[in-house]
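Undergrad: Can you look at this prediction? I've put the sequence above it.
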Amino acid sequence: MTREEKSVVIEELTAQLADNTNIYLTDISGLDAATTSNLRRACFKSNIKLAVVKNTLLEKAMEASDKDFGELPTTLKGNTSVMYSETGNAPAKVIKEFRKKSEKPLLKGAFIEEAIYVGDELLDTLVEIKSKEELLGEIITILQSPAKNVISALKSGGGTIAGIVKTLSEREG
């Protein structure tokens, strides 16, 4: 690979790092062609982009990026594949599901909306991260719950203040 070709790859990687808020570094070495194809298919179905990268070029792209990748460059040893996703926990879920049948991919580290996770032992933690959509759904449910209680109390309390207070206090106790 010529110096110019390397520069182009570094620029492309830097752009991908800038465009994505959820980046996973994994090791998929040793997977045979069929297993790798299955992993790529699983990633595609979950809207995850999977790319094998050269460590030195990715490290230079990380250095050129505006983001602070903290300890992540120290994980760039051996084979490295990058997973880009719009959803923070999607790659972790794919990795966990895939590892039911295979020892890999191994999680080297992840950059999730500015938070840095290093090490395969954090896979379960990453699976549990909620997406923005999941959090919004929970918040809306929590906010709707008191409103539903008040509306229900208004209906069952006979329309009087005393009846509403009595209904609400019975539900709390």
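TA: Yes, it's here. Numbering: from 1, shown residues only.
Undergrad: ok, the most centrally placed residue in the chain to residue 65 distance?
TA: A centroid search over the chain (C-alpha atoms, centre = their mean) returns residue 88, at 1.6 Å, as the residue closest to the centre. When distance is defined by C-beta to C-beta, to the nearest Å, residue 88 is 18 Å away from residue 65. Glycine gets a C-beta too; all of them are placed from N, C-alpha and C.
Undergrad: Excluding sequence neighbours, find me the nearest residue to residue 72.
TA: Using C-beta to C-beta, 6 or more residues apart in numbering and skipping residues adjacent in sequence, the residue nearest residue 72 is residue 109, 4.8 Å away.
Undergrad: typed the wrong thing, it's residue 117
TA: Per C-beta to C-beta, 6+ apart, closest to residue 117 is residue 110, 4.5 Å.
Undergrad: and the one you found, what does it touch?
TA: Residue 110 makes contact with 22, 23, 24, 25, 91, 92, 116, 117, 122, 126, according to C-beta atoms under 8 Å, 6 or more residues apart in numbering.
Undergrad: Using the three-state scheme, assign it.
TA: Following DSSP: H, G, I helix; E, B strand; the rest coil, the label given to residue 110 is strand.
Undergrad: Then residue 100?
TA: From three-state DSSP, the assignment for residue 100 is coil.
Undergrad: begin at 602 from here
TA: Yep, numbering from 602; the last one is residue 701 now.
Undergrad: So for stretch 694-713, mean pLDDT?
TA: Here stretch 694-713 scores 93 as its mean pLDDT.
Undergrad: Can you give the contact residues for stretch 679-690?
TA: So stretch 679-690 is contacted by 617, 620-630, 644, 647-656, 659, 692, 695, 706, 709, 713-714, 727-732 (C-beta under 8 Å, 6+ apart).
Undergrad: Beyond whichever strand or helix holds residue 614, next helix or strand please.
TA: Assigned by DSSP states H and E, residue 614 belongs to helix 604-620. Next helix or strand after helix 604-620 toward the C-terminus (DSSP H and E): strand 623-628.
Undergrad: who's in contact with that next one?
TA: Residues contacting strand 623-628 (C-beta under 8 Å, 6+ apart): 618, 673, 676-677, 679-689, 691-693, 696, 705-714.
Undergrad: Filter those residues down to the buried ones and hand me the ChimeraX line.
TA: Remark: buried members of those, expressed as a ChimeraX selection using 16 or more other C-beta atoms under 10 Å:
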select :618,673,676,677,680,681,682,683,684,685,686,688,689,691,692,693,696,705,706,707,708,709,710,711,712,713
